[in-house]
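Trainee: predicted model and sequence follow; I will ask about them next.
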Number of protein chains: 2
Amino acid sequence: MIGSLMRYIESKADEYVEDLRKLCRQPSVSAQGVGIEECAELLRELMEEAGISARVYPVKEGNPVVLGEVRGGKEKNGCIGFYNHYDVQPPEPLELWETPPFEAAIRDGKIYARGVSDNKGNVMARIEAVKAVRDVLGEVPIDLKFLVEGEEEVGSPHLPNFVKGHAHLLKADGYIWEGDGVDEKNRPVITLGAKGIIYVEFRARGAKRDAHSSSAPLIPNPAWRLVWALSTIKGPDEKIRIPGWYDDVVEPSDVERKLLEEAPFEEEEKKRELGLKEFLGGLKGFEALKALYFSPTATICGLDAGYKGPGAKTVLPCEAVAKMDFRLVEAQKPRKLLKMLREHLDREGFSDIEVVSYSGYEPAKTSPSDPFARYFIETVEKVYGNKPVVLPTTAGTSPIYTIRNWMGIPVASGGGVGYPRSNVHAPNENIRIEDYIRSIKFVATLITSYKPERLRKTAEKG
Amino acid sequence: MIGSLMRYIESKADEYVEDLRKLCRQPSVSAQGVGIEECAELLRELMEEAGISARVYPVKEGNPVVLGEVRGGKEKNGCIGFYNHYDVQPPEPLELWETPPFEAAIRDGKIYARGVSDNKGNVMARIEAVKAVRDVLGEVPIDLKFLVEGEEEVGSPHLPNFVKGHAHLLKADGYIWEGDGVDEKNRPVITLGAKGIIYVEFRARGAKRDAHSSSAPLIPNPAWRLVWALSTIKGPDEKIRIPGWYDDVVEPSDVERKLLEEAPFEEEEKKRELGLKEFLGGLKGFEALKALYFSPTATICGLDAGYKGPGAKTVLPCEAVAKMDFRLVEAQKPRKLLKMLREHLDREGFSDIEVVSYSGYEPAKTSPSDPFARYFIETVEKVYGNKPVVLPTTAGTSPIYTIRNWMGIPVASGGGVGYPRSNVHAPNENIRIEDYIRSIKFVATLITSYKPERLRKTAEKG
């Protein structure tokens, strides 16, 4: 059965590629508000054509969410959910694209388009898998849920509320997140979590206009206030100085440590590429990976005050701004930490500095021992024929916590269409057609092999 | 004699105004390299017409200096020098000018032109004074020196070397600097010194390109390095933390304290205008003025790193830059302090931070008790008929140290054409014609009343 399904998918490759190109030709740049409604509607149509009941949900002051559902089998057969996004990064700088970003040109077995890897190739692979399964088997043997948002590239500002308000439509045994892909050595990459984040802007203000710096003995300098405030947040030893900040940090479990030890880490290449003699604090190997995935960070992303042009200008600025992100690890809570940050500044004498919060994401992880995660990992290995690289979390951030933490559903990402030269967020974004077809095969296998009762047994065995 | 000279000057007012307008119509924007050579030549011609032997001295990779000389009397009659500059600030933003900046339009008894107050009105008043004295008396009774540079508005980068190389041509009993003018209450303002300055740029570097902030556990962040380094330079108590920095700071003398006590200080108005409830550290009255004129400063003029646009961008910047000026007071030495700054950073563990030095000016002061200064102050009072405000120094910086410190010549500034609404460095720069004529009268009085032997007696009396 699986063999004929795989062959069927191969035979339909051209059609699947054309569907993806159609989706890629529809711009959907959330940061610029371009083509969003049209793309949501096109996506709904493509889902309906594949036999997925789909509906576009308007979002107040936001971009619509597309929900899809397949009621394939009886309820006992289980349910798998998929999270994707139909919005894409801005295509600029346009002059660096070899073919226009929304042409979806094919060259050397690759499709070039903005969003083809992040994330339209993945959502399309999942839709085509449903179509193929229905074509070959007549029906999908399990239930499926599709959650496709249109604001991922601008920080998913409305997703948390949407998930809260539509939880009854989103229930599933496990969710497959955006997708990932393969690494340099064609090993499939699976990630089981994400760090959280607080992104804040610090604003210090002085006089109501810039002044000549000769008045410095009399006029407060917000650039100094900012520097002094920031220096209480983290010290040259790279330790965050806010009391209690590390209280909820959880060390990697034994299984997670083992995954890190097995994870490939091209550290010399990474250092060379960044022009670094060594990593921060001389970290190497396992310790570097552990820091990358398991330590909270406090990063100054931007500083802005006064004169920034060439040469000298003797100005005393009236405003100074810093942007910072704090990456959080399990079980740190954004709201609690934001409050600690404010209290810390007040305690240190910096009540004058305003803290503007731009976003807060919880960290979230699914245990590598979770039965759904284990089913997912095994299926990836089976289809790709290669032992996957399993990362207990990413160093970055994604809104998986809405599903993982709030709904208590295991979440994994993998089996996607990307590869190391996909140029995600860059000009000439592309995927290899063979990766796309394999991803369709993977999803088709995942939904036809799923047996929730086996998972329960796996869980009982531990 | 003085009476007829004053009347003669009044009778020639229209001619003197036209000469000044001619000089103002010649643009000479040093920052933009516009009209410099032409203005130096025009100035030379105007000086020659007034009977001043003038020569344009080319400056390698800089703007020419115009030197003028009057060998009026015998040597024993003494010699007064004048420092001015013929370059002007850029006129932008042009749309805010009511009449074009190089038209020199006359409205309501005022001349409007870029540079008319800073500093062409002053140099022209001095030239016209020579012409008037020669017209009325047949000759100038003393020697005069004119030093007119073309780079004051860009920090006088070549003046120090020029003064060193031409000291033999610049000797005088005393120098009158740019000019100043009158305050809100028509009191003539005299300044007897200037603070020094070091202007530096701190550059911190990390990886060879910006990185995603999720890599923060591994990649050094130059914005943090910069913040930590700066926080070792000055603390929230506003004290500079570099050991030895205050060693050469000299407290105001009794005479200087008395001048500060007498100096008008519209502190409530200044606070209101700046939107401040109080000055830094709650300073008031005499203590505020003392801080303004007698304390060294360390000012962050600019901060620049990473993302400065709206909203959030999770970037780890590869470079961070701060611009700072340090104002120096007598007897701090720029070179010594720059070395202390570098050594301090090294000692604190910030050898990685590059310090680029843009300029170093020594602080310089002439004692209010100096006989030449006293002659100058008395002459201002006589011509203006109003007790002058005498400030022992300005809070700002000027290259007077080249004459005061290096050549040991007393220097004072005053008797100039400015008034509080001259809009120096701003659109609609202007002077009142009456102030211009009075300034010519003042200079004519200064050079015809000068008796060096009386100064010697003043000195002996103490």
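Mentor: Nice, thanks for sending it over.

Trainee: may I ask which helix or strand encompasses the nearest residue to residue A:278 once chain neighbours are set aside?
Mentor: Leaving aside its chain neighbours, residue A:278 sits nearest to residue A:271 (6.9 Å; criterion: CB to CB, 6 or more residues apart in numbering or on different chains). Where you see a C-beta, it was placed from the backbone N, CA and C, and this is true even at glycine. Secondary structure from DSSP states H and E places residue A:271 in helix A:267-274.

Trainee: tell me which residues of the following helix or strand past that helix are tucked away?
Mentor: In the C-terminal direction, the helix or strand that comes right after helix A:267-274 (DSSP H and E) is helix A:285-294. By 16 or more other CB atoms under 10 Å in any protein chain shown, the buried positions in helix A:285-294 come out as A:288-294.

Trainee: which element follows helix A:285-294 toward the C-terminus?
Mentor: Per DSSP H and E, the helix or strand that comes after helix A:285-294 is strand A:297-306.

Trainee: who touches the helix or strand following that following strand?
Mentor: In the C-terminal direction, the helix or strand that comes right after strand A:297-306 (DSSP H and E) is strand A:315-316. For strand A:315-316, contacts defined as CB atoms under 8 Å, 6 or more residues apart in numbering or on different chains pick out A:206-207, A:210-213, A:215-216, A:219, A:221, A:306-307, B:299, B:301-302.

Trainee: from chain B, how far out is residue A:325?
Mentor: Residue A:325 sits 5 Å away from chain B, going by CB to the nearest CB, to the nearest Å.

Trainee: following the helix or strand where that residue lies, which helix or strand shows up next?
Mentor: Using DSSP H and E, residue A:325 sits within strand A:319-328. Per DSSP H and E, the first helix or strand lying C-terminal to strand A:319-328 is helix A:334-347.

Trainee: and the angle from the helix holding residue A:271 to helix A:285-294?
Mentor: If you take axes from the mean of the first three to the mean of the last three CA atoms, to 10 degrees, helix A:267-274 sits at 60 degrees to helix A:285-294.

Trainee: just the pLDDT at the one residue in the stretch 51-200 of chain A that gets nearest to chain B, thanks.
Mentor: Distances between the stretch 51-200 of chain A and chain B by CB to the nearest CB are smallest at residue A:199, namely 4.3 Å. Residue A:199 is assigned 95 on the pLDDT scale.

Trainee: and it, backbone torsions?
Mentor: With angles defined as degrees, to the nearest 10, residue A:199 sits at phi -110, psi 120.

Trainee: that older thread, the strand holding residue A:325 to strand B:299-306, inter-axis angle?
Mentor: Using the same axes, to 10 degrees, strand A:319-328 lies at 40 degrees relative to strand B:299-306.

Trainee: name the helices or strands packed onto strand A:319-328?
Mentor: Other helices and strands packing on strand A:319-328, by 3 or more CB pairs under 8 Å, 6 or more residues apart in numbering or on different chains; DSSP states H and E, are strand A:196-205, helix A:222-231, strand A:297-306, helix A:334-347, strand B:299-306.

Trainee: residue A:390: what's it in contact with?
Mentor: Going by CB under 8 Å, 6+ apart, the list of residues near residue A:390 reads A:190-192, A:259, A:262-263, A:368, A:377.

Trainee: excluding chain neighbours, what is closest to the most centrally placed residue in chain A?
Mentor: When CA atoms, centre = their mean is applied to chain A, the residue found nearest the centroid is residue A:398 (3.9 Å). Closest residue to residue A:398 apart from its sequence neighbours, by CB to CB, 6+ apart: residue A:194 at 4.3 Å.
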